[in-house]
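Participant: Got a predicted structure plus its sequence, pasted below:
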Amino acid sequence: AQKVTQAQTEISVVEKEDVTLDCVYETRDTTYYLFWYKQPPSGELVFLIRRNSFDEQNEISGRYSWNFQKSTSSFNFTITASQVVDSAVYFCALIPGGGTSYGKLTFGQGTILTVHP
Amino acid sequence: GAGVSQSPSNKVTEKGKDVELRCDPISGHTALYWYRQRLGQGLEFLIYFQGNSAPDKSGLPSDRFSAERTGESVSTLTIQRTQQEDSAVYLCATVTGATQYFGPGTRLLVL
């Protein structure tokens, strides 16, 4: 069975602060995909990033960056110079097995990020 | 998202009534998922359709829940004899590459 843990239930920061959202996962599969999704107040889940288990390179996209460390089974997400529009619930998720596109996602409980002006 | 639509966007029903939720996937996307998100919680997998193969129903919480999909077309999730604990957002997702893209969800409230 798979498990994704987001230990931070809620984080509150002031605009322009950097913030890191933690994600730890468990799986017995040697191949898997990891994801981050954003859920703004409107409710729709927005895809942010996908990382496969063979690629441990960190990735940066604008103010967003992701740190994948297989040794600690972690896939942390950092927002640099946070903005009010970053306020949302952020979910980390995992699909196990073989690189298939069709596995069901296992989600963490989510981290509520509030960025104050 | 990737163009998945769901209807209705909101549904209020009385306990004991049946409800039907609809998901319109992107044309040609063979894989379709239903998830449930209870207030303040993460998403729970419900059911998965892949083309004409038998669906994976392992996440359906009870026999009051059922879903249908014919080929690669619209899917409907039916909840019979609704209970208050069924109140949640029901999300549908379709697959592009190795990524699931979600529709806006149906917010179900059972009174």
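Facilitator: Arrived safely. Numbering: from 1, shown residues only, chains lettered A, B, ... in the order given.
Participant: Could you verify my assumption that B:L109 touches B:E14?
Facilitator: No. The pair B:L109 and B:E14 does not pass the contact test of Cβ atoms under 8 Å, sitting 10.2 Å apart. Backbone N, C-alpha and C define where each C-beta goes, glycine included.
Participant: More neighbours: which of these two?
Facilitator: Ranked by neighbour count (other Cβ atoms under 10 Å in any protein chain shown), B:L109 and B:E14 place B:L109 first, with 13 against 8.
Participant: Then that one would be within a strand, right?
Facilitator: Yes. B:L109: assigned to a strand according to DSSP: H, G, I helix; E, B strand; the rest coil.
Participant: Identify the residue nearest it in space, chain neighbours excluded?
Facilitator: Nearest-residue entry for B:L109: B:V12, 4.8 Å, with adjacent residues in sequence omitted and distances by Cβ to Cβ, 6 or more residues apart in numbering or on different chains.
Participant: helix or strand for the residue most central in space within chain B, which one?
Facilitator: Among the residues of chain B, the one closest to the centroid is B:W34, at 3.6 Å (Cα atoms, centre = their mean). Taking DSSP states H and E as the criterion, the element that holds B:W34 is strand B:31-37.
Participant: Name the helix or strand of chain B that has the lowest mean pLDDT.
Facilitator: The helix or strand of chain B with the lowest confidence, counting by mean pLDDT, DSSP states H and E, is strand B:99-102 at a mean of 86.
Participant: which residues are contacting that strand?
Facilitator: Strand B:99-102 is touched from outside by A:35, A:37, A:44-45, A:47, A:50, A:101, A:105, B:1-4, B:33, B:35, B:91-95, with contacts defined as Cβ atoms under 8 Å, 6 or more residues apart in numbering or on different chains.
Participant: Cool, thanks, talk later.
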